[in-house]
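Visitor: prediction below, plus the sequence it came from.
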Amino acid sequence: MHKARKRFGQNFLTDNRVIERIVAVIAPKFNDNLLEIGPGQGAMTLPLLEQVKTLNVIEIDRDLIALLTDFNKDNLVIHEGDALKFDLSILPNPIRVVGNLPYNISSPILFHLLENRDKIVDMTFMLQKEVVERIVADKGSKIYGRLSVMIQAFFEAELIFIVPPESFNPAPKVESAIIYLKPLPKTEVKNMAIFEKIVKASFAQRRKTLRNCLKLHLSQEQTAIDLSQRAEMLAVQDFITLANDYEKQH
Ligand code: SAM
């Protein structure tokens, strides 16, 4: 029996009904290029393998790699390593990414995939419920912030269902949720680094106005967006406008 490693964010799914529901949300087709991040002991891997021609998985824990290898499945392609460094272009494109993500590094994984969104059809992930809620939050909400804007600028994002701690072993301290993410057909973000910089600065002091937060970047004369508002009142599109207006000055 594998002993769960905290440093790798290991909480293994044990609830078959939840596993079935996730596989139903993914609804894999035989020829889909599926990539599972963090297959662990195979809770989702095994049912997925029954439905697709090939399943690629990326796992960091060597003990789990050995366990997955012992499954002896011809259609399972195991990559050993860090999902944060995994090069998606070595796989046939476009890719559908799935996984019960290690919660300690879920945001960095999302940003790595965001950089690679041109290779991705969609993504179905288990994340901490609180993180899913922040990703899908609408403007005006207290939890609408940097993560909401960065993800919604590039993906359609939907909370699918909530999963209680008892569905895992060991049980995490928090509730979890399934999120579905689909790249938008196009984005008006022209320069990713600038967009990130503007979004980060805008939310750095949530209670202050944008005029204050962005004083090193933009003045009211340089943009049509009303800078007397606070960042949480702006739609995702407004941040794109701000970033593009900033870029015009440089
Ligand atoms: N999919 C399994 C399940 O649902 O039972 C395991 C999920 S567990 C929350 C997260 C998995 O991601 C673990 O197997 C862990 O070893 C793996 N993992 C952690 N960090 C990783 C990384 N940087 N790259 C790839 N896999 C990682």
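Guide: That came through fine.
Visitor: before we move on, which element is Y180 in?
Guide: Using DSSP states H and E, Y180 maps to strand 176-183.
Visitor: name the helices or strands packed onto that strand?
Guide: helix 16-26, strand 120-128, helix 129-136, strand 155-163 (3 or more Cβ pairs under 8 Å, 6 or more residues apart in numbering; DSSP states H and E). Any C-beta I mention is one placed from the backbone N, CA and C, and that applies to glycine too.
Visitor: give me the contact list for the helix or strand that it is followed by.
Guide: Later in the chain than strand 176-183, the nearest helix or strand by DSSP H and E is helix 192-204. Identification of contacts with helix 192-204 by Cβ atoms under 8 Å, 6 or more residues apart in numbering yields 115, 145-146, 149-150, 153, 189, 210, 213-214, 216-217, 231-232, 234, 239-240, 242-243, 246-247, 250.
Visitor: and those residues, which of them are buried?
Guide: Buried subset of those (neighbour count, 16 or more other Cβ atoms under 10 Å): 145-146, 149-150, 153, 189, 210, 213-214, 217, 231-232, 234, 239-240, 242-243, 246.
Visitor: these in helices, which ones?
Guide: Under the assignment DSSP state H, the buried ones among the contacts of helix 192-204 contribute R146, V149, M150, L210, C213, F239, I240, L242, A243, Y246 to helices.
Visitor: could I get the residues you listed in a markdown table, plus columns for pLDDT?
Guide: A markdown table is the format used below for those (pLDDT from 0 to 100):
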| residue | pLDDT |
| --- | --- |
| R146 | 97 |
| V149 | 98 |
| M150 | 98 |
| L210 | 98 |
| C213 | 97 |
| F239 | 98 |
| I240 | 98 |
| L242 | 98 |
| A243 | 98 |
| Y246 | 97 |
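Visitor: tell me the spacing between M123 and L113.
Guide: Note on M123: its distance to L113, by Cβ to Cβ, to the nearest Å, is 6 Å.
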